[in-house]
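**Q** Got a predicted structure plus its sequence, pasted below:
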Amino acid sequence: MAPENALTFTFSGTQAQVNALNRDLAEWIDATDQLGGRASLRTAPPVPGEQGDVATAVDIVNASAAVVAAATNAFFLWLQQRRSAHRRIEFEAVRPDGTRVSGTVDDEAQLPAVMARLAAFAVAPPDADE
C-alpha cells in the first residue's frame, strides 16, 4: 500500500524487469536535485528460490503539487533515456488524489503522446467548490 500523500509509479513485465525498472527509477529520482531523498521503494518478499526483496513500486513521498510536477518531468526524462535499453516499457502513475495515468512506450514515436499525457497528469485539478 502506498504511503499517504505519495506519487506512485509501477511497471508491468517480468518480476526481474519490474524490479530493475523500479530500482533504476528510484535512483534517478533521488539523484534529481529538486527530488533528492523523496523516492522510496515499495518491496515484496522474494518468490521461493530467489534471494532479496523485489521492488514493486516507487513512491515519491510528500508529493505536493510542485513535487508531482517535478517528479513527472523527471520520470519522462528517465523514460526517454531507458526506452532505448528496453523494447517496451509499460507504466502507471498514481497521484495522491487517486488520479491515474498509464502508458506504453515501444518506440521513440510514442514519446510525444506519452509526454502530453504526463504533462496533463502533472497538473492537479483545481479544487471544486461544491
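**A** Cool, the structure landed.
**Q** got a list of what the residue sitting nearest the centre point of the chain touches?
**A** When Cα atoms, centre = their mean is applied to the chain, the residue found nearest the centroid is Phe9 (2.8 Å). Residues in contact with Phe9, defined by Cβ atoms under 8 Å, 6 or more residues apart in numbering, are 22, 25, 57-58, 60, 75, 91-93. (Each C-beta comes from the backbone N, C-alpha and C, glycine too.)
**Q** Which members of those residues occur in helices, if any?
**A** 22, 25, 75 (DSSP state H).
**Q** I'd guessed the last one sits against Leu25; true?
**A** Yes - under the contact definition of Cβ atoms under 8 Å, Phe75 touches Leu25, with a separation of 7.0 Å.
**Q** Where does the residue nearest to the centre of the chain sit, in terms of helix or strand?
**A** strand 7-12 (DSSP states H and E).
**Q** That strand - what's its average pLDDT?
**A** Per-region confidence: strand 7-12 scores 96 on mean pLDDT.
**Q** and it, how far from the chain's centre?
**A** For strand 7-12, the separation from the chain centroid amounts to 4 Å (computed by Cα atoms, centre = their mean, to the nearest Å).
**Q** Export only the CA atoms of it, formatted as PDB.
**A** Coordinates of the C-alpha atoms in strand 7-12 are reproduced here as PDB (Å, rounded to 0.1, in the frame of the first residue of the first chain):
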ATOM      1  CA  LEU A   7       3.000   9.800  -6.100                       C
ATOM      2  CA  THR A   8       3.400   6.200  -7.100                       C
ATOM      3  CA  PHE A   9       5.000   4.700 -10.200                       C
ATOM      4  CA  THR A  10       4.600   1.000 -11.200                       C
ATOM      5  CA  PHE A  11       5.600  -1.100 -14.200                       C
ATOM      6  CA  SER A  12       4.400  -4.200 -16.000                       C
END
